[in-house]
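1. Any chance you can model this:
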Amino acid sequence: MTGDGAELGSCLVTGGAGYLGRHLAAELMRRGHPVRAFDVREDAAWPSGAEVVVGDVTRYDEVLAACEGIDTVFHTAAQLVFLTFCTPEIRRRAHGVNVGGVANVVGAAAEAGVSRLIHTSSNNVTLDDPVVDGDESTPYAYGARDIYTETKIRGEQIALGANDKTGLLTCAVRPGGIYGPGDPLMLPRLVEQLRRGVFVATIGDGSALSDNTFIDNLVDGEICAARHLVPESAACGQAYYVTDGAPINYFEFFRPFVEGLGYRFPRWTMPVWPMRGVAWLGELLHVYLGLPAPPLSRLELIKIVVSHYNRIDKARRDLGWEPPVSPAAAVERCLPYCRELLEGANDTSPRLG
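-> Below is the predicted model of the structure:
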């Protein structure tokens, strides 16, 4: 690569009304790129200033129309199904979006003459046995325990396999758990548990480490990868871990949020083995009897108690990328959002005096 990298030109962000998609579109526009946001949700919070296109990645003609006149595609659309057991309808939709949708985006981008495509994958694609200080050479999981991991593996393979076959250059980024201000999953769930007074114990011995990715770090990593997708670049056809570069036990990750909100961090620890049965049974009852979703899915429990973390050396080497926001700074940026969530709820649980 020469100079400052590829000119990204006009950009398409699939899943543009989602959490990552909105932040990515906003940053691309801040850097001066025209952005088209593509999403199936008509009534979502679309990124301000972007061209809005309502469409479904499972419909090739709609994806092709969205790719017309585009230079760079950021594919962030995904179906988040973290269950091992699911109905045939849920399984079909997950495969349709996470596998068929990737194939549609790749095919449409190539047909429309798009130059480069950045596929948002997941560090789950190698989540099988424990991964300790791993890297991109770690093989895909051979015994995927959930529909999300299964479909994200296949989707990544499709995206990377399409590199340079029709002039389209592709790569994939693999974030850890995504969090940040406005995060709809990790932080709201923690705040709700604190509010209800049910965050009273940790699980396991605390030795398992995992990766997380602050939203600004992920957005920066996606754009950095895109700028390196030029002919003969080492990035073409490659996957990259894009994380905070600071593996940590999940409960310790939550500690500064818990204490920053004025709560006492749990002193009790629960053994893993009964929780495995609870998660397994909870999923079955949820899927087949319609009971509420279990507090933890089997996948979520595994990510808490099984080490799964990877180095970001390859992104440093090939992309010259470093996470621009430290974990400590990320916490400080997130705490006001957590306080807003807490103040917007009826908080009756005790806090530290």
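2. low-scoring stretches of the stretch 1-150 of the chain, by residue?
-> 1-5 (pLDDT under 70).
3. now the helices: where do they sit in it?
-> Along the stretch 1-150 of the chain, the stretches classed as helices by DSSP state H, counting those that start in this stretch are 19-30, 60-67, 88-95, 101-111, 147-161.
4. now do the stretch 151-300 of the chain
-> Under DSSP H, counting those that start in this stretch, the stretch 151-300 of the chain gives helices at 186-196, 215-227, 250-260, 272-289, 298-305.
5. on that earlier part again, who wins for proximity to R195 among the helices of the stretch 1-150 of the chain?
-> Among these, helix 19-30 comes nearest to R195, with 21.2 Å by C-beta to C-beta. Heads up, the C-betas are built off the backbone N, CA and C, glycines and all.
6. same for that closest one, what does it pack against?
-> strand 11-14, strand 35-39, strand 72-75, helix 215-227 (3 or more C-beta pairs under 8 Å, 6 or more residues apart in numbering; DSSP states H and E).
7. Sheet partners, orientation included, of the second one?
-> Strand 35-39 has its sheet partners listed here by DSSP bridges as strand 11-14 (parallel), strand 51-54 (parallel).
8. if we can go back for a sec, the helices of the stretch 151-300 of the chain: lowest mean pLDDT?
-> Mean pLDDT values for those show the minimum at helix 272-289, a mean of 79.
9. Check which helices and strands that one sits against.
-> helix 298-305.
10. please redo it, this time with the cut-off set to 10 Å
-> strand 201-203, helix 298-305 (3 or more C-beta pairs under 10 Å, 6 or more residues apart in numbering; DSSP states H and E).
11. Report the buried residues of that helix.
-> 272, 275, 279-280, 282-283, 286-287 (16 or more other C-beta atoms under 10 Å).
12. swap in stretch 226-238?
-> Across stretch 226-238, burial judged by 16+ other C-beta under 10 Å covers 226-230, 233, 235-238.
13. try stretch 131-139
-> 131, 134, 136, 138.
14. residues making contact with it?
-> Outside stretch 131-139, the residues that touch it by C-beta atoms under 10 Å, 6 or more residues apart in numbering are 123, 125-129, 141, 172, 174, 208-211, 238-241, 247, 306-315.
15. picking that back up, just curious, which of the buried residues of helix 272-289 is nearest to G100?
-> Distances from G100 to the buried residues of helix 272-289, taken by C-beta to C-beta, are shortest for V287, at 22.1 Å.
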